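J.: Just a sequence and a predicted model for now, questions to come.
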Amino acid sequence: MADWLTGKVTQKRQWTERLFSLRFTAPINSFKAGQFVRVALEIDGEIVARPYSLVSSPADAENEIFFNIVPDGPLTPKLAELSPGDEIKVAGKPSGLLTVDQVPIARHLWMLATGTGVGPFISILKSDDVWQRFEKIVLVYSVRLSSELAYQDDLAGVNRLYRQQFSFIPLITREKQQGAINRRVTDAIVSGDLEQQAGITISADDSHVMMCGNSAMIADVMALLEGRNMQKHLRREPGHITIEKYH
């Protein structure tokens with residue numbers, strides 16, 4: 001049984017009807033950028049918990065999660081109702097291997113995210129380590145509608161600091177917008193649009209790919225990358241692909 005710590009909500013941000021961020025304080029252990037933490041509420045006499053990637057940097061004074069309301073889900077509608085000052089339960093030990101220190105040496109780092117799966121990548125991009133490890137970093141952020149592209153101010157700040165090293169490529173699947181690719185991630189890879197816009201290729205020779213988000217996207221992209229002689233990275237067998245699944 002988990003030993004729950006008490007956290008206090010300090011800020012709530014609503015991006016769309018169903019997308020929210022919660023910022024909170026809690027005495028959790030130190031964590032690495034890209035890791036997740038379990039967050040819980042007591043609902044009808046039971047503790048209901050789910051893992052959420054930390055959007056915040058390990059250096060930040062407060063913690064932040066990014067989530068989507070799951071229709072008829074037991075936890076996310078309640079999280080969305082919280083206000084600053086409300087209490088939440090937080091597991092004290094963050095977990096997860098979607099971290100830069102787990103990535104083998106490579107020249108280029110690709111981060112592929114769908115929806116709220118962008119959260120751990122925001123945390124990684126705020127940290128110093130990633131910029132010292134890779135010549136080029138590409139964030140691919142896929143959503144249905146342009147209104148769902150969250151954390152644009154943060155990404156603009158990253159771009160200002162690392163303009164020569166960083167590429168941000170938004171994919172918007174259900175509407176067209178200038179500067180965004182109107183395709184799913186897999187289609188953008190197959191068509192060549194993704195690599196053309198990034199100015200580099202996804203190759204087993206010089207690339208590592210991190211993925212977080214929808215399981216279908218991850219499975220489909222894995223199949224494409226395996227066709228390029230790339231394989232999942234394991235501690236016992238170094239590879240080219242690191243994943244975190246949300247579904």
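T.: All right, it came through fine.
J.: which residue ranges form the helices in the protein?
T.: If DSSP state H is used as the criterion, the helices of the chain fall at 76-80, 119-126, 129-133, 152-161, 185-191, 193-198, 215-226.
J.: Any buried residues in the fourth one, and which?
T.: Right, helix 152-161. Residues of helix 152-161 classed as buried by neighbour count (16 or more other C-beta atoms under 10 Å): Leu155, Val158. All C-beta spots, glycine's among them, are computed from the backbone N, C-alpha and C.
J.: Kindly format the C-alpha coordinates of it as CSV.
T.: Only the C-alpha atoms of helix 152-161 are listed here, as CSV (Å, rounded to 0.1, in the frame of the first residue of the first chain):
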residue,chain,number,x,y,z
GLN,A,152,3.6,27.3,-26.4
ASP,A,153,5.1,30.0,-24.2
ASP,A,154,7.5,27.5,-22.7
LEU,A,155,8.5,26.2,-26.1
ALA,A,156,9.0,29.7,-27.5
GLY,A,157,11.4,30.3,-24.6
VAL,A,158,13.3,27.1,-25.4
ASN,A,159,13.5,28.2,-29.0
ARG,A,160,14.9,31.6,-28.1
LEU,A,161,17.6,30.0,-26.0
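J.: what does that helix contact?
T.: Ile122, Leu125, Lys126, Leu139, Phe166, Phe168 (C-beta atoms under 8 Å, 6 or more residues apart in numbering).
J.: change it to 10 Å
T.: The contact list for helix 152-161 (C-beta atoms under 10 Å, 6 or more residues apart in numbering) reads 15, 55, 118, 121-123, 125-126, 131, 137, 139, 141, 146, 149, 151, 165-168, 170.
J.: Give me the neighbour count for Asp72.
T.: Neighbours of Asp72 under the rule other C-beta atoms under 10 Å: 7.
J.: got the contact list for His240?
T.: Neighbouring residues of His240 by C-beta under 10 Å, 6+ apart: 103-104, 106, 110, 202-209, 225-226, 228-233.
J.: Leaving out sequence neighbours, find the closest residue to Arg107.
T.: Spatial nearest neighbour of Arg107, chain neighbours left out: Asp206 (4.2 Å); criterion: C-beta to C-beta, 6 or more residues apart in numbering.
J.: who's in contact with that neighbour?
T.: For Asp206, the contact set (C-beta under 10 Å, 6+ apart) comprises Ile105, Ala106, Arg107, His108, Phe134, Glu135, Lys136, Ile200, His240.
J.: what about it, distance to Pro104?
T.: Distance from Asp206 to Pro104, counting by C-beta to C-beta, to the nearest Å: 11 Å.
J.: Val138 too?
T.: 17 Å.
J.: Looking only at neighbour counts, state which of these two leads.
T.: Using other C-beta under 10 Å as the criterion, Val138 and Pro104 rank with Val138 on top: 23 against 10.
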